[in-house]
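Undergrad: I would like the atomic coordinates for the input below:
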Amino acid sequence: MKFENKEINLKDGRKAILRNPLISDAEQLIKHLQITCGETDFLTHYPEEYDAMTVEGEEKWVKSSVDSPNVLNICCEIDGYITGTCHIRFGDKIKTRHRASVGISIEKLYWDLGIGSAMFTELITAAKARGTEIMELEFVEGNSRARHLYEKFGFSVVSEKPNAFKLKDGTYLREFYMQKHLRY
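TA: Residues are numbered from 1 along each chain as shown. Presented below is the predicted three-dimensional model:
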C-alpha cells in the first residue's frame, strides 16, 4: 500500500520523515533488522538469522509490499538514515478481514523521541480507513517499553503463550497477545 510521506517533529527538536520503504533502501533495511534484533531479545529473530538475506530479495519484498493492497509498511527516516519500521497486515480472507496485525521496530539510539507514537498513530489511521475492527499484536515478556506504548494506544492483553520464545541461554519467555477494538 502506498503511504503519503509525513514529516514529524521529534522530542529532541529534529525532524523525521515517515514514508514507504523504497527499493533503494533494501540494504539499509537489512542492516536495520540486524541492528534491532541485536539490541533486544524481544524481537523474533537473532541478527545472524538475517545474514542470508540479499539486497535483491529485500528489493523484491519492498516492491511487493508497496504493491500489496493488504500490507502497509512505513519507515522512519532521520537525516537519510532509517531508524525504525512498522507495518500493518490486513486480513484478506472472509473470516479474518475484520482484523489486522501490526509490528514495529526502532533502533535503540532513537528510542524516546516519539517515533513509536507517530508510527502507531499512522497504523491506527490506516486501520480505521480500511474499516478494520480489531488490531492485534504480540509482545514478549519483559518488554515493558513496548507494552506501555501499546497500552497508551488502547491495546489490551487478551491471552498469553507460555514458553513462546527460547533464548540462546535456554531461558523461556512468554508471549502476550494484545488487541485494540476499533469497532464491533
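Undergrad: In the lowest-mean-pLDDT helix or strand in the chain, which residues are buried?
TA: Least confident element among the helices and strands of the chain, by mean pLDDT, DSSP states H and E: helix 55-67 (a mean of 91). Applying a neighbour-count criterion of 16 or more other CB atoms under 10 Å, one finds 58, 59, 61, 62, 65, 66 buried in helix 55-67. (Glycine included, C-beta is placed from N, CA and C.)
Undergrad: which among those gets closest to residue 46?
TA: Nearest to residue 46 among these is residue 58, at 18.0 Å by CB to CB.
Undergrad: shouldn't the closest one be in contact with residue 26?
TA: Yes. Counting by CB atoms under 8 Å, residue 58 touches residue 26, with 3.8 Å between them.
Undergrad: Run through the neighbouring helices and strands of the helix or strand following the least confident helix or strand of the chain.
TA: Per DSSP states H and E, helix 55-67 leads on to strand 71-78 as the next helix or strand towards the C-terminus. If contacts are counted by 3 or more CB pairs under 8 Å, 6 or more residues apart in numbering; DSSP states H and E, strand 71-78 sits against strand 15-19, helix 55-67, strand 81-90, helix 115-130.
Undergrad: So which residues make contact with strand 71-78?
TA: Contact partners of strand 71-78, identified using CB atoms under 8 Å, 6 or more residues apart in numbering, comprise 1, 3, 8, 10, 14-21, 25, 29, 62, 65-66, 82-90, 106, 110, 115, 118-119, 122-123, 126.
Undergrad: Show me the shaky parts of the chain.
TA: Counting by pLDDT under 70, the ranges of the chain that qualify are 184.
Undergrad: cutoff 90 now
TA: 49-53, 65-66, 183-184 (pLDDT under 90).
Undergrad: what's the burial count for residue 50?
TA: 18 (other CB atoms under 10 Å).
Undergrad: My error: substitute residue 29 in the last question.
TA: If we define neighbours as other CB under 10 Å, then residue 29 has 22 of them.
Undergrad: Which parts of whichever helix or strand it is part of count as buried, going by neighbours?
TA: Using DSSP H and E, residue 29 falls within helix 26-39. Within helix 26-39, the residues scored as buried using 16+ other CB under 10 Å are 26, 28, 29, 30, 32, 33, 34, 35, 36, 37, 38, 39.
Undergrad: same thing with stretch 103-113?
TA: Buried-residue list, stretch 103-113, by 16+ other CB under 10 Å: 103, 104, 105, 106, 107, 110, 113.
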